[in-house]
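Peer 1: Pasting the sequence and the predicted model now:
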Amino acid sequence: MDSDYRLDWHQRRLYYLEQGQGETVLILHGNGADARMYRPLIDALSPHYRVLVPDLPGYGNSSTLYHSKMPRYLEQIESFINHYIDKPFYLIGHSLGGMLAYQIQLRRKIPPVLRAIWMEAAIFNLDWKLRMALPAYARLLVSKGHNRRGIEARMREWSWDYDNGDKLTSEAFIQSYYASNIQVHGMFLTEAASLLPYRFAEITEPVLCLRGEKEHVVSRATEWFAPQLPNARLQIIPQAGHFLLGENNQALCEAVLEFLALPEGLVEAPLALSL
């Protein structure tokens, strides 16, 4: 285990990284990842903010409740937030973490979110056929378990340039994915339809929606939901795919820092698209 990890003594289930001082930025990682994968973003933010990044339940070093369901899963994250954050804060969610950020913002059982950043958020336009198929697919996924070939195929499809990219970052993600709880993966797929209907109009705080330049299913989802948010900006990170980190760290960190530092009046702008 990374020596910088701390145990959440409140629940004794979650491990987390903490770095820096000032206003708090909470980062929720993507599916299969863990807090360590976000070191480039942590290092960029920590000179200006206090950065908290938990290993989500069932990922990295953190355990999860057996047969945890979506409401209970969200309660674990909210309990962590309420124990360590007592003032308005900034929220960043990547992929699965973006979907969780959306849910947590809707539930409003935590201190106010000043601004949010959804990075390649896994919030999909689920038609009735997909809703019907997801539970069966989840059961198949759980029965087969993790498969390295399948993980690498997905990374090659979604990364900007997997074969010529950062091998250390790619291998770290693969190992993190293998360590994650396959039952939790299945739970998210099975309960995806329970999130419907989406209530984007209730997300009134400013949201920066980031996606990579490479076209794939999640980037197209960002193009779909971003215009439905009342106070959103859409920005494309060049030379990046779904993972963003380890692809174009400089552009990603600059976009995040710029958005968090904007004067309040400038945040409330109409949807904009920029590279």
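Peer 2: Structure received. Numbers count the residues shown, from 1 in each chain.
Peer 1: Can you classify Pro227 as helix, strand or coil?
Peer 2: helix (DSSP: H, G, I helix; E, B strand; the rest coil).
Peer 1: Could you tell me how many residues sit around it?
Peer 2: For Pro227, the count of nearby residues is 11 (other CB atoms under 10 Å). C-beta: built from backbone N, CA, C; applies to glycine.
Peer 1: Pull out the buried residues from the one helix or strand Leu140 maps to.
Peer 2: When elements are assigned from DSSP states H and E, Leu140 belongs to helix 128-144. Under the neighbour-count criterion of 16 or more other CB atoms under 10 Å, helix 128-144 has Leu134, Ala138, Leu141, Val142 buried.
Peer 1: Pull up the gap between the last one and Asn181, please.
Peer 2: Using CB to CB, to the nearest Å, one obtains 10 Å as the distance from Val142 to Asn181.
Peer 1: what touches both of the two?
Peer 2: Overlap of the contact sets of Val142 and Asn181 (by CB atoms under 8 Å, 6 or more residues apart in numbering) is empty.
Peer 1: List the buried residues of the helix or strand that the helix holding Leu140 is followed by.
Peer 2: Proceeding N to C from helix 128-144, the next assigned helix or strand is helix 148-158, under DSSP H and E. Neighbour-count burial for helix 148-158, counted by 16+ other CB under 10 Å, picks out Ile151, Met155, Trp158.
Peer 1: Ok, stretch 221-228 next?
Peer 2: Ala221, Thr222, Phe225, Ala226.
Peer 1: give me the low-pLDDT residue ranges for the stretch 1-150 of the chain?
Peer 2: The model of the stretch 1-150 of the chain has pLDDT under 70 over residues 1, 66-67.
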